[in-house]
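>>> Mind folding the following:
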Amino acid sequence: MVIANLIAYVLVLTGALNWGLFGIFNFNLVSAIFQGPRAIGAIIIYSLIALAAVWLIISPIITNGALKLRGNRVVREAN
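Numbers count the residues shown, from 1 in each chain. This next block holds a predicted model:
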């Protein structure tokens, strides 16, 4: 679940940066990369970003309010 949360964060941040670029400079980075807003690659990226946002919304509900970004590692002290 930690890996899914990290991937979701990266995707949502990518989407937020794209919206920021579009709002400030009227430049859509995703559609520029895939040469059109309705290109199959752009549609896949937009869909993944939307799914990542939904995951970040429901993940704390599933885990009783905890959004884990680190694993449960036990650190042992060296003697």
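
>>> burial of residue 63, as a residue count?
Counted with other C-beta atoms under 10 Å, the neighbours of residue 63 add up to 12. No exception for glycine: its C-beta is placed from N, CA and C like everyone else's.

>>> separation between it and residue 46?
As judged by C-beta to C-beta, to the nearest Å, residue 63 and residue 46 stand 27 Å apart.

>>> and residue 17, what does it touch?
Each residue near residue 17 by C-beta atoms under 8 Å, 6 or more residues apart in numbering is listed here: residue 29.

>>> Same question for residue 67.
Contacts of residue 67 by C-beta under 8 Å, 6+ apart are 5, 56, 59-60.

>>> Give me the three-state assignment for it.
Put simply, residue 67 is coil when judged by DSSP: H, G, I helix; E, B strand; the rest coil.

>>> Would you mind putting the contacts of residue 67 into a markdown table with distance to residue 18, neighbour count and pLDDT alongside?
Below are the contacts of residue 67 laid out as a markdown table (distance: C-beta to C-beta, whole Å; neighbours: other C-beta atoms under 10 Å; pLDDT from 0 to 100):
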| residue | distance to residue 18 | neighbour count | pLDDT |
| --- | --- | --- | --- |
| 5 | 20 | 19 | 86 |
| 56 | 16 | 16 | 91 |
| 59 | 22 | 16 | 87 |
| 60 | 24 | 13 | 84 |
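
>>> which residues does the most centrally placed residue in the chain contact?
Among the residues of the chain, the one closest to the centroid is residue 11, at 2.4 Å (C-alpha atoms, centre = their mean). By C-beta under 8 Å, 6+ apart, the contact list for residue 11 reads 48-49, 52.
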